[in-house]
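> okay, here's the prediction I keep looking at, along with the sequence it came from:
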Amino acid sequence: MSQEPPKLTIGERQARFDLDVVASYIEPRAKVLDVGCGDGLLLEKLAGEKQVDGRGVELSQRGVNECVARGLSVIQGDADTDLVFYPDRGFDYVILSQTLQATKNPKAVLEHLLRIGDKVIVSIPNFGYWPNRVGLAFKGQMPVNRHLPYSWYDTPNIHFCTIRDFVKLCDEVGAKVESAAALNGSGQEIGLSMPWWFWNFFGQQAVFMLRR
Amino acid sequence: MITMPKDARSRRLLAADEANNPTSEVLRFGPDKPLRLDAGVELTPFQIAYQTYGTLNEARTNAVLVCHALTGDQHAANAHPVTGKAGWWDVLIGPGRIVDTDRFFVICSNVIGGCLGSTGPASINPATGKPYGLDLPVITIPDMVRAQAMLVDHFGIDQLFCVIGGSMGGMQVLEWAASHSDRVFSALPIATGPRHSSQNIAFNEVGRQSVMADPDWCGGRYIEEDKRPEKGLAVARMAAHITYLSEAALHRKFGRNLQDRAHLTFGFDADFQIESYLRHQGMTFVDRFDANSYLYMTRAMDYFDLAADHDGRLADAFAGTSTRFCLVSFTSDWLFPTSESRSVVHALNAAGASVSFVEIETDRGHDAFLLDEPELFAAINGFINSAARAYGLPEADQ
């Protein structure tokens, strides 16, 4: 349990623009599993706004205890090892927000998500975001900035990818992209008409809705 | 050498009286309502001694069933009739407390096989006019739950809002959820597991052998002989008590401190505080607990194996359940380690059940479920309140 996903603090909550996009994908009263649910912010939002039947899995004990104390159905568990215990198509939506990059085996995790949920919503930080490229290209160092606050040696994010990389992985596991949105550093959606390379350069994070 | 206090006899008589004529409410079932036992026989007549707290609402939807542990009893939130001590879950249950008796109707009954008024080995066998002793059939966790269901029927309650319990009480909660899932809206099994491990059976066997090795046990007929296997039962309790704590907690509390002395005595008196503490635990236990009942309770735990009743697939025990679960374990509990709760969580996931699971960091071991643990209370509070909202129960008065 040494590697815990990034903890959300109150100050950081405003920065989770992806949650609004994720929530907009979800139909009311759906059965939802949020993998890596942190302190339950999204689950609480979905319960309140969409009356979903929500469940969560969270690695950090502190996050789980907070969720349960707030009345959410959340268990302590690890996306890498515990998804195997969930039945096929047990949920309408499975959400993995800002967590894939912290898993040991992102491909296996994604395959499990596609098995468990009718639809899978994944949000990822885009390593191809231009400030990251600038940092690497001109400073010659792994980027450390507002969006990627960790140094290479203490980051829980062991499997960074770019938006393009992720789309390629979706192809490999046979997932179809139903919807996608890229958000710039201020949380604004980048226009749908823009080409992938534009998203991959200007998107700070991206949200995908996938299905088998 | 364990020496019993002088007034032990009077408390022993009090305890014996509680077995047949308890100070609790008693529900008696005649020959028309036998209790079907897993041992393949029917227990009749039999009785259940119970306590209730709070008021059952008109719709009979606010009932919380509290299941007690191995050496617990129905006196969860009132003074104990033998020891005079506060109820064993007084910290949790009461007006304005987490299990709020201003809001919920709380039922706690002595399990079948117990010794505080429900039919058990110390009860008089109507067929012989003497205490049952070992003539009472072996009682199982499902037997206990079946009896509780008859008590719940008596109140005209179709569905319990919540069933809650720790350790052996947690086993009963799991059994309720597995066998009577439509009667359980929410379930809170704490510090428990879906079966007793080999190590736990081993500890229980040490306890039973200790009782049976006491010459005053008299083959289980000690009540008629006016004897009590107090030393055997005290040693059983001492050994068991160690398993309820943790190495870290013991060391924190007692270390190698000496008891009322400055130097080792080079003898076998209780030199160390931990020895003195355990002896005290053993001695006070025999005042309120029947030795044969201890054999029956430990056996019931040993026999519990929820998966085995479903062809080895634990998930099948919960197939199709609509009960909401919250499991709690403690990091330093080596009697029911977190892995036991987690196996239940995985089974519930596989069954598609609604489940929360909290592991609480504490060095207080298995007994943490009986103690003032703020994280435990926060989890129980959050779970109960959200379940109550989902069940349509009115909010607690602020």
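Great, that's in hand.
> the residue lying closest to A:N157 once chain neighbours are set aside in helix, strand or coil?
In space, and not counting its chain neighbours, A:N157 is closest to A:Q101: 4.4 Å by CB to CB, 6 or more residues apart in numbering or on different chains. Every C-beta, even on glycine, is put in place using the N, C-alpha and C of the backbone. Following DSSP: H, G, I helix; E, B strand; the rest coil, we place A:Q101 in the helix state.
> unless I'm mixing things up, A:Q101 is touching A:D165, no?
No. With contact defined as CB atoms under 8 Å, A:Q101 does not reach A:D165; the gap is 10.5 Å.
> between those two, which one's more packed in?
A:Q101 (20 against 17; other CB atoms under 10 Å in any protein chain shown).
> where does residue 15 land on pLDDT?
No chain was given, so I picked chain A. Per-residue confidence (pLDDT) for A:A15: 54.
> my question was about chain B
For B:A15, the predicted pLDDT is 71.
> next one: B:N57
97.
> what's across from the closest residue in space to it that isn't next to it in sequence in the sheet?
Computed as CB to CB, 6+ apart, the closest residue to B:N57 that is not its neighbour in sequence is B:F105, at 7.1 Å. Judged by DSSP bridges, the bridge partners of B:F105 are B:A63.
> what parts of chain A come near chain B?
With CB under 8 Å from any CB of the partner chain as the criterion, chain A meets chain B at residues A:53, A:55, A:61, A:64-65, A:67-77, A:82, A:85-87, A:90.
> and residue 22, how many neighbours?
As the question left the chain open, I've gone with chain A. Count around A:V22 with other CB under 10 Å applied: 26.
> wrong one, chain B
Other residues close to B:P22 by other CB under 10 Å number 22.
> can you list phi and psi of it for me?
Phi and psi for B:P22, reported as degrees, to the nearest 10, are phi -70, psi 160.
> so where's the chain uncertain?
Chain wasn't specified; assuming chain A. A:1-15 (pLDDT under 70).
> wait, I meant chain B there
Within chain B, the set of residues satisfying pLDDT under 70 comprises B:1-13, B:397-398.
> show me where it has strands.
Ranges of strands in chain B, per DSSP state E, are B:25-29, B:35-36, B:42-43, B:46-53, B:63-67, B:93-94, B:99-100, B:105-109, B:124-125, B:130-131, B:160-166, B:184-190, B:324-330, B:354-360.
> okay if I get these as CSV plus mean neighbour count and distance to A:P156?
Below are those laid out as CSV (neighbours: other CB atoms under 10 Å in any protein chain shown; distance: least, CB to CB, whole Å):
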stretch, mean neighbour count, distance to A:P156
strand B:25-29, 16, 55
strand B:35-36, 18, 54
strand B:42-43, 17, 57
strand B:46-53, 23, 46
strand B:63-67, 27, 40
strand B:93-94, 22, 41
strand B:99-100, 22, 38
strand B:105-109, 27, 43
strand B:124-125, 14, 64
strand B:130-131, 18, 62
strand B:160-166, 28, 34
strand B:184-190, 26, 31
strand B:324-330, 28, 25
strand B:354-360, 24, 20
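> before we move on, back to that, list the contacts for the residue nearest to B:N57?
B:T52, B:Y53, B:G54, B:T55, B:L56, B:N57, B:N62, B:A63, B:V64 (CB atoms under 8 Å, 6 or more residues apart in numbering or on different chains).
> now the nearest residue to the fifth one once chain neighbours are set aside: how far from B:V64?
It refers to B:L56. Leaving aside its sequence neighbours, B:L56 sits nearest to B:F105 (CB to CB, 6+ apart; 4.1 Å). Counting by CB to CB, to the nearest Å, the gap from B:F105 to B:V64 is 7 Å.
> next: A:G48.
27 Å.
> now A:E49
Applying CB to CB to A:E49 and B:V64 gives a distance of 31 Å.
> now swap in B:G365 and tell me
Distance from B:G365 to B:V64, by CB to CB: 26 Å.
> now swap in B:S109 and tell me
Counting by CB to CB, the separation of B:S109 from B:V64 is 13 Å.
> what sits against residue 208?
No chain specified, so I'll use chain A. Here A:F208 is in contact with A:I121, A:V122, A:S123, A:I124, A:F166, A:C170, A:V177, A:S179, A:A180 (criterion: CB under 8 Å, 6+ apart).
> wait, chain B was what I had in mind.
So B:R208 contacts B:A236, B:Y294, B:L295, B:T298, B:R299 (CB under 8 Å, 6+ apart).
> so what's the nearest residue to the fourth one once chain neighbours are set aside up against?
Right, B:T298. Once flanking residues are discounted, B:T298 sits nearest to B:N204: 3.9 Å by CB to CB, 6+ apart. Counting by CB under 8 Å, 6+ apart, B:N204 touches B:H196, B:A240, B:T298, B:R299, B:M301, B:D302.
> show me the domain layout of chain B.
As assigned by automatic domain parsing, chain B contains the domains B:8-199+B:309-391, B:201-298.
> up against chain A, what does chain B have?
B:324, B:326, B:345-346, B:349-352, B:354-361, B:375, B:378-379, B:381-383, B:385-386, B:389.
> let's see it at 6 Å
Proximity of chain B to chain A (CB under 6 Å from any CB of the partner chain) is limited to residues B:345-346, B:349-350, B:352, B:354, B:356-359, B:375, B:378-379, B:382, B:385-386.
> so which of those comes closest to chain A?
When these are compared for distance to chain A (CB to the nearest CB), B:S386 wins out at 2.8 Å.
> what sits against the closest one?
B:S386 makes contact with A:G71, according to CB atoms under 6 Å, 6 or more residues apart in numbering or on different chains.
> please name the residues that touch the most centrally placed residue in chain B.
Central residue check for chain B by CA atoms, centre = their mean: the C-alpha nearest the mean position is that of B:A69, 1.2 Å away. B:A69 makes contact with B:G166, B:S167, B:M168, B:G169, according to CB under 6 Å, 6+ apart.
> can you give me the strands in chain A?
Counting by DSSP E, the strands of chain A are A:31-35, A:53-58, A:73-76, A:91-97, A:117-125, A:176-183, A:205-211.
> buried deepest among these, which one?
strand A:73-76 (a mean of 28; mean count of other CB atoms under 10 Å in any protein chain shown).
> centre of the chain to it, how far?
The chain centre lies 17 Å from the centre of strand A:73-76; the measure is CA atoms, centre = their mean, to the nearest Å.
> ditto for stretch B:60-79
9 Å.
> which residue does chain A have closest to chain B?
For chain A, CB to the nearest CB, closest residue to chain B: A:G71, 2.8 Å.
> now do the contacts for that residue.
B:G382, B:N385, B:S386.
> can you rerun that using 7 Å?
B:G382, B:F383, B:N385, B:S386 (CB atoms under 7 Å, 6 or more residues apart in numbering or on different chains).
> follow-up on the earlier one: gap between the residue nearest to A:N157 and A:G117?
From A:Q101 across to A:G117, the span is 19 Å (CB to CB).
> need phi/psi at A:V173.
Dihedral angles for A:V173 - degrees, to the nearest 10 - are phi -90, psi 10.
> quick check: it touching A:E111?
Yes. Contact status for A:V173 versus A:E111: in contact at 5.4 Å, counting by CB atoms under 7 Å.
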